[in-house]
Every structure is written in structure tokens, then in C-alpha cells.
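K.L.:
Have a look at this fold, sequence not included:
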């Protein structure tokens, strides 16, 4: 199990927008995430929630350039969170360890560069075809089949372009990325073992502070204690359903919860 600590260098991320926009604040937060137990830093400079504003390419690049090289120089394992091909090319040139794409690498012109690179590729399933997350109704009975079809298409395209299958990581999507109904996220969480068995690939889950947890708890404060507790509960559930990576805003509490869960599972403990 690996923990990805979320580092948002943004103005309007749904729970911490603006807090780490200044380079010094972003660097300090990245280092804190690593101290708290993150194995990987997942760094993004453009929000993808439904209420976010588009970020110009030059601004996204400048935000990342002010932080990513410094954290990489300190030995941090970096995941770059962007669906913009120009940003992904820049990140590959820098030698990041992971690319994280909410569109699941939909741009074929990038495939030759992806094939030559070594970075692992986190392919996220989402119901929107392009752009930011949307508020869209999808029936819970449909969501797993949609995720399976999405991954079948993407894996075939990437493999056909010479990208090694073992570099791929599947993210089924959560929250608004899979529809307005909280049951869609719950369905995907419950069926993680099926997804993993079907494709034989590692799975990443990102439930931290997501909209479906706020709906379930009736709490609107995304960074509040109730939503933190709900996030950890969902993360532990995902860990029990064979998730390989957990992407979170709070690696410290999650690491402690995972350690306790592991101790409870030990024979004779």
C-alpha cells in the first residue's frame, strides 16, 4: 500500500484552494505531507472540481515549475496531476515518477512520448468526456459497466501504442467524477476487487474529502473533522478491498489508521 499526499497549488480546490498557492507554502506543505507518511506527492496546479475556473497553460506551468523541481531535488517521489499534454510533456522531461490524468490519457499525440518514458500512468475514469468534473446524473446500476468499458478502451489504446501494460494504474473515479449520486462512488468502492481481477492491474482510490462523503455525512466543511473521519473510513474500506494506492489530503491520520488496522489483523495480536 502506498499513500499519495495531495499537494494542490491552486486557487479554488474544493477544500484547500489558495492555502498553498505561494511557492514557499507549497514547498512547506509538501515536506509536511512526506513527514506525515506520504510515499508520493501528487501535485496539481489546476483544480478539476465542477466550480473551478480554467487555468491558463502558462500559469499552470509556472506554479508547477516553482515547486516540483525543488521537491524532486529533495528526493521526493512525484506524481504530476494534469490532463494537459504540454504539462505532461514537461513533467516527463523532468523525470517525474507518475503522471495522473483525470481523462485517462485521451490524447494520442502524446502516446509516443509516453511509450519512451518510464513514469507510471494513473488512468482515471470519469463520466465527463473532457474538461473539469460535471454535475451529471448517472444511474448506480450503470457506473461499474461504464468504468469497465472506459478501461478496456484506454488499455487497448495505450498498449497498442507500445506503452507497457505494467506501467498502468487504474483509478475508478469518485465523487462528481462518477456522477451526482453518492451510490455511484459506493458501488465502485464495493466492486474494487472485481475491477482489479478483471484487468490484473493495481488500483488507486481517491476518496479524500469528496462530495459523496459530504452528502453522506450531511457536513459541508470539506476539511472538517466529520469529513476527515468519513474519508478515513472509506480509505480503510478501500484498503480492505485490495486498493494498492490511496490518494489523500491527510496522510498522517491515514497512516495511523492503516497501521492500527494491520496490527488488528495480525494473528495473535
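P.N.:
Happy to help now that I have it. Predicted model, so just to flag it, every value in this text is computed and none were measured.
K.L.:
List the buried residues of the biggest helix by length in the chain.
P.N.:
Secondary structure of the chain read by DSSP state H shows that its longest helix is helix 140-160. Going by neighbour count (16 or more other Cβ atoms under 10 Å), the buried part of helix 140-160 is 140, 143-144, 146-148, 150-151, 154-155, 158. Glycine gets a C-beta too; all of them are placed from N, C-alpha and C.
K.L.:
can you pull out the strands in the stretch 151-269 of the chain?
P.N.:
168-171, 204-205, 245-248 (DSSP state E, counting those that start in this stretch).
K.L.:
Please list the residues outside the longest helix of the chain that contact it.
P.N.:
With Cβ atoms under 8 Å, 6 or more residues apart in numbering as the test, helix 140-160 has contacts from 104-106, 108, 111, 114, 121, 123, 125, 127, 138, 165, 168, 170, 172-173, 178-179, 181, 183-184, 186-188, 191, 194-195, 198-199, 201.
K.L.:
and the top strand by length along the chain, which strands flank it?
P.N.:
With secondary structure taken from DSSP state E, the chain has its longest strand at strand 2-8. Strand 2-8 sits in its sheet next to strand 40-44 (parallel), strand 245-248 (parallel), going by DSSP bridges.
K.L.:
Which residues are in contact with residue 67?
P.N.:
7, 9, 23, 26-27, 30, 43.
K.L.:
got JSON lines for the strands of the stretch 151-269 of the chain, with mean pLDDT, distance to residue 75 and mean neighbour count too?
P.N.:
Formatted as JSON lines, the strands of the stretch 151-269 of the chain follow (pLDDT from 0 to 100; distance: least, Cβ to Cβ, whole Å; neighbours: other Cβ atoms under 10 Å):
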{"stretch": "strand 168-171", "mean pLDDT": "98", "distance to residue 75": "22", "mean neighbour count": "24"}
{"stretch": "strand 204-205", "mean pLDDT": "98", "distance to residue 75": "22", "mean neighbour count": "24"}
{"stretch": "strand 245-248", "mean pLDDT": "98", "distance to residue 75": "19", "mean neighbour count": "26"}
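K.L.:
Ok, which of those strands comes nearest residue 73?
P.N.:
With Cβ to Cβ, the closest approach to residue 73 among the strands of the stretch 151-269 of the chain belongs to strand 245-248: 23.1 Å.
K.L.:
Show me the contact partners of that closest one.
P.N.:
For strand 245-248, the external contacting residues (Cβ under 8 Å, 6+ apart) are 1-6, 40, 42, 122, 169, 202-206, 208, 231, 235, 238-239, 254.
K.L.:
what's the spacing between residue 96 and residue 36?
P.N.:
Distance, residue 96 to residue 36, using Cβ to Cβ, to the nearest Å: 21 Å.
K.L.:
quick one, which of the two is more surrounded?
P.N.:
residue 96 (25 against 17; other Cβ atoms under 10 Å).
K.L.:
now that one, what's its secondary structure?
P.N.:
Secondary structure, DSSP: H, G, I helix; E, B strand; the rest coil: residue 96 is coil.
K.L.:
Thought residue 68 was touching it, still the case?
P.N.:
Yes: assessed by Cβ atoms under 8 Å, residue 96 is found in contact with residue 68 at 7.3 Å.
K.L.:
where do the contact lists of these two overlap?
P.N.:
78, 80.
K.L.:
Name the spans of this protein whose pLDDT lies under the cut-off.
P.N.:
Applying pLDDT under 70 to the chain flags the ranges 12-17, 49-52, 129-135, 268-269.
K.L.:
And the helices in it?
P.N.:
With helices called from DSSP H, the chain shows them at 23-35, 57-65, 68-73, 85-94, 111-116, 140-160, 182-190, 192-199, 211-217, 225-240, 251-265.
K.L.:
Can you check which of those helices gets nearest to residue 79?
P.N.:
Proximity to residue 79 (Cβ to Cβ) singles out helix 85-94 among the helices of the chain, at 9.3 Å.
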